[in-house]
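> give me the fold of what follows.
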Amino acid sequence: MSDIRSGTPLSYTLQEAMIPEGKLQRALSRPRALAGLIAATVLLPLALVLLGLWQGQRGADAEIRFQAERQRLDGLVTELKRQAPQPGRFDPRQQFRSEGKTYVGPLALAQAQSARDHAAHLATLMGWRRLLPPVGVAGGALAAGLSLLVLFAGAILGRLGRASRDSLVRGFSLLRRLLPATLALQILAATASFVAAVAFEAAILFQGRFDGGAMKLLVIAVAAVGAAILVAGSTILGLRRALGAFEPDPLPILGRTVTPAEAPALWRLLDGLADRLGALKPEAVVVGLTEGFFVSAGPAVLEPGGARIEGRILYLPLPHLALMRGDEVAAIIGHELAHYAGDDTTYSQRFLPIYAGVERSLDAVAEGHRGSLGLLGPSFRLGLFVMDRFHLAVRHWSRAREFAADAAGARVTSADASARALLRSGAVAPRIRETLEHASEAPDAAGPDLVAAALDHTIRHGLDDPAAHWQEAQAHPTDTHPPTRERVAALGRTIDADLLGAARAVPPSTALGGLGAYFADPAGLSRAATADFLSVLRARDAAFHAHLEATVAEVGREERVLRAYHRPRGLVLAVSGGLFAIAAAAMALFGVPALPTADSRIVAMVALGLGALLGGAGALVLRRGEPVTLILGPESLRAPGLDRAIPWDDIADLDLALNRSAMVMRLLLPPGASWPQPLPGRHGVKLETKHRIVTLTFGLPRGMKPQDFAALIGRYQDAAQARRLLAETGAGARTSAIAPQSA
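The predicted structure is shown next:
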């Protein structure tokens, strides 16, 4: 909450725990989206169950078939042995036919024995293969059952949460503890079902001739299984970390406390409003120039100085106090104190760890989902569903509490004052923001009293039209605050010309005198608050300047030569080639279990060919050594294939990609930049003159991973930008440092 339009402490206590609204997928309540959710979370695992049942039937049939074939061949071998002629004699009546070929004489017996042994191996393999479908069925059924459990629990807890805030906290607190374990179990079940299904189908490859195509399919199956296990394992580790405790950071407030001695009239007003509302009284009042009205019940740190305060805190912005009428201020403060009466701040503190835990669980699944080829899709959708149910329940209570707090503010003043305060707070905010932004651009030129400056700026330029803001809701992580128009209507007030005119009325030049109704020394307090604000700006300016200098110093003044390091890849290729050669020799000598002799020879020849190919590639890579790929300087980068350096300041855009084991860097140069020309030779350079894109392809430098190289390029780009900012005027650099933080 920043002003009366938000009126709740949740902007502090939930700000760091919320997921961006896009993730929440409010459309889940729509029938079509709900059908998609059920299809992804329930029907997809059930499809794995059906696949497992189908595979189970096929596995049983295959085992029976191969057992029968083994028995048939065993009988045939026995018969051929019985009919075998005396040693040294040839009997053409001894025949064995297999795969369209007929073998005669002693060769018939040898081929029959080989076929019998192969059939025995396949029968054994089919026996083991039959164990996989039950795993797939159990895994899919468990995943579907857990999905139904989470969907049912999320829907019921969401409904109960909208009936009672205590039920909301208790129910989702339980779900927050159980959700990581449930998602982990579901991921394990789905992964086991997927692995069992893939392994079952991969075993079919051993039934026929094990040629190059079968080997490729087997490699693909092994890669898919390995990737699924790796992604599932990393995701489960992330879910385990999601169970950790969450402690919110203290709320930073740019302001200073005011004691009853410094603001006797203000504290009397607070005491009277709290008594009339039956609300707890603030334990600390903080005033400043930024933000709007808000209350908090958590720890806070005051800037500048870093003083820490605890307990119930009420923050009051001095510019708003000067630019708004007394009854409007009273209505706003009554609204804020009503949150203490409704236990909103305590509820928010209980609520934050729950939301943070669910969010971290969802983030862990989302991290694995990106590389899981859809395997973690059901778990990710379930997490989104839980967050959506949670969000809807929170939205219900937040809206209800906002309307209740508005009514409380109207009860201690009037409906007219509360409605006018809602509209006027949006009308004065732009003038205050403009005043502070102007000061942030040039703190040394700012006046000693920014409250007076805000009043002067408002008198000169007038207030914004309140009608332009009545549809706005305060920016909030859950987006639960009703628009101003709805809140005014809930007060029983119509937004008419009279109300808009009163809300837009420019305060008189004597408005600063109204601060005397709250503070013993309003002018001194305004100057002190201004000094606090400007000191923070100057400290941030100095810190930004120091950061720029450190960024420039980080890359140094000397050029850095980067060389491609191909030795590990060459060694891997060479060693792999040697291993394939050894495997080929072993298969040539001893054969391959479960494969006929002819097939074993084919596999051995394929392995030998791969070994020669890999070994030759490794030798070529090792001969290349460590060629220069890039030369990075503080002002520019140079590539061996270009006739000139490219200044960092001339690069309009830069992107990096990993293409197999090589880095691809694309540089976009603006029309005014000098265009390089290619040098003779093969340097991995491509120039697209029409689009002004320079593409450089090179190997990773020694000892660097892709992310390390990207970080290095980023440091040189940051250093060039920092050098440019340092060369600009102090005001320009200060604007870059301060304006985004005060906007």
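
> my guess is V137 meets W54, correct?
No - in this structure, V137 is not within contact of W54 by Cβ atoms under 8 Å, at 10.0 Å. Using the backbone N, CA and C atoms, a C-beta is placed for each residue, glycine as well.

> tell me which of those two has more neighbours.
Comparing V137 with W54 by neighbour count (other Cβ atoms under 10 Å), the higher total belongs to V137, at 20 against 13.

> once you drop chain neighbours, what's closest to that one?
Excluding the flanking residues, the one nearest V137 by Cβ to Cβ, 6 or more residues apart in numbering is G52, at 3.7 Å.

> neighbours of that neighbour, how many?
Neighbours around G52, by other Cβ under 10 Å: 25.

> for it, helix, strand, or coil?
Following DSSP: H, G, I helix; E, B strand; the rest coil, G52 is assigned to helix.

> then G681?
Secondary structure state of G681, per three-state DSSP, is coil.

> what segments of the stretch 101-250 of the chain are helices?
Under the criterion DSSP state H, counting those that start in this stretch, the stretch 101-250 of the chain contains helices at 106-129, 132-163, 165-202, 212-242.

> is it true that P508 lies in a helix?
No - counting by three-state DSSP, one finds P508 to be coil, located in no helix.

> so it versus D521, what's the distance?
The spacing between P508 and D521, counted by Cβ to Cβ, to the nearest Å, is 21 Å.

> now do L642
Taken as Cβ to Cβ, the span from L642 to D521 is 68 Å.

> residues near S193, how many?
29.

> can you give me every residue that contacts the closest residue in space to it that isn't next to it in sequence?
Spatial nearest neighbour of S193, excluding adjacent residues (Cβ to Cβ, 6+ apart): G139 at 3.1 Å. Listed by Cβ atoms under 8 Å, 6 or more residues apart in numbering, the contact partners of G139 are L48, G52, L188, A189, A190, T191, A192, S193, F194, A196.

> now, among those, which is nearest to D74?
Of all the contacts of G139, D74 sits closest to A196, with 30.9 Å by Cβ to Cβ.

> domain map for this protein?
36-242, 251-542, 566-624, 626-742 (automatic domain parsing).

> in this structure, which helix or strand is least confident?
Least confident helix or strand, the chain: helix 10-13 with a mean of 30, by mean pLDDT, DSSP states H and E.

> coming back round to it: can you put the domains of the chain in CSV and add distance to R560 and mean pLDDT?
Formatted as CSV, the domains of the chain follow (distance: least, Cβ to Cβ, whole Å; pLDDT from 0 to 100):
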stretch, distance to R560, mean pLDDT
domain 36-242, 34, 73
domain 251-542, 30, 80
domain 566-624, 19, 74
domain 626-742, 5, 80
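
> determine which stretch of the ones you listed is the most buried.
Across those, the average number of neighbours (mean count of other Cβ atoms under 10 Å) peaks for domain 251-542, which reaches a mean of 20.

> give me the distance from that domain to the chain's centre.
The chain centroid and the centroid of domain 251-542 are separated by 29 Å under Cα atoms, centre = their mean, to the nearest Å.

> just the terminal-to-terminal distance for that domain.
Start-to-end span of domain 251-542 (Cα to Cα, to the nearest Å) is 23 Å.

> also stretch 492-501?
18 Å.

> just stretch 700-714 next, same as before
Note: stretch 700-714 ends 16 Å apart using Cα to Cα.

> which phi and psi does Y315 have?
Phi and psi for Y315, reported as degrees, to the nearest 10, are phi -100, psi 130.
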